[in-house]
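# Fold the following for me, if possible:
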Amino acid sequence: MKITNIEIVRNKKPIPLPASWRPAWNEPDSSDTNSLWFSFYKVHTDEGIVGIGPTGLGNIGMPSYAESSLIGQDPAFIERFWDINMKGREIIVGSTSCGGLDIALWDIIGKATGMPIYKLLGRLQR
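The predicted structure follows:
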């Protein structure tokens, strides 16, 4: 299985919130907001499986190094993705920029195997 395309889907208008909200991740410089924007990655494969993961990129595009390192690659090579895209880069581009791609890759693997991700990662037996 190979990754063929990655897209970012964004809501077309802000989602109104029932009450004013102050995002903690922007503190101490944040201000109250009454709406929320949301976007997510859709990672497509040549087998028709699509993985979905959140993104905090807002209206900016996906980092080109992330896209170029994934297109044509096997989505199961998540450690390779992390080695190329995440180690040390969270200081430069922000930790939310590629974390959703990691989630989308796990989503693809879970769908391909027919197993929930918590089982793939080794759930605790009780």
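# residues contacting residue 51?
For residue 51, the contacting residues are 41-43, 45, 75, 103-108, 111, by Cβ atoms under 8 Å, 6 or more residues apart in numbering. Where you see a C-beta, it was placed from the backbone N, CA and C, and this is true even at glycine.
# let's see it at 6 Å
Taking Cβ atoms under 6 Å, 6 or more residues apart in numbering as the contact definition, residue 51 lies against 43, 104-105, 107-108.
# ok, now how distant is it from residue 73?
Per Cβ to Cβ, to the nearest Å, residue 51 is found 13 Å from residue 73.
# And for residue 24?
Taking Cβ to Cβ, one finds residue 24 at 34 Å from residue 73.
# These two - which one has more neighbours?
residue 73 (16 against 7; other Cβ atoms under 10 Å).
# what helix or strand does the more buried one sit in?
For residue 73, there is no host helix or strand (DSSP states H and E).
# burial of the residue nearest to it when sequence neighbours are not counted, as a residue count?
Ranked by Cβ to Cβ, 6 or more residues apart in numbering and with sequence neighbours excluded, the top spatial neighbour of residue 73 is residue 3, at 5.5 Å. Residue 3 is flanked by 25 other residues according to other Cβ under 10 Å.
# same deal with residue 70?
Residue 70, neighbours per other Cβ under 10 Å, totals 26.
# same question, residue 21
Burial of residue 21, expressed as a neighbour count using other Cβ under 10 Å, amounts to 13.
# still on that earlier bit, quick one: contacts for the residue nearest to residue 73?
The contact partners of residue 3, by Cβ under 6 Å, 6+ apart, come to 43, 45, 70-71, 73, 75.
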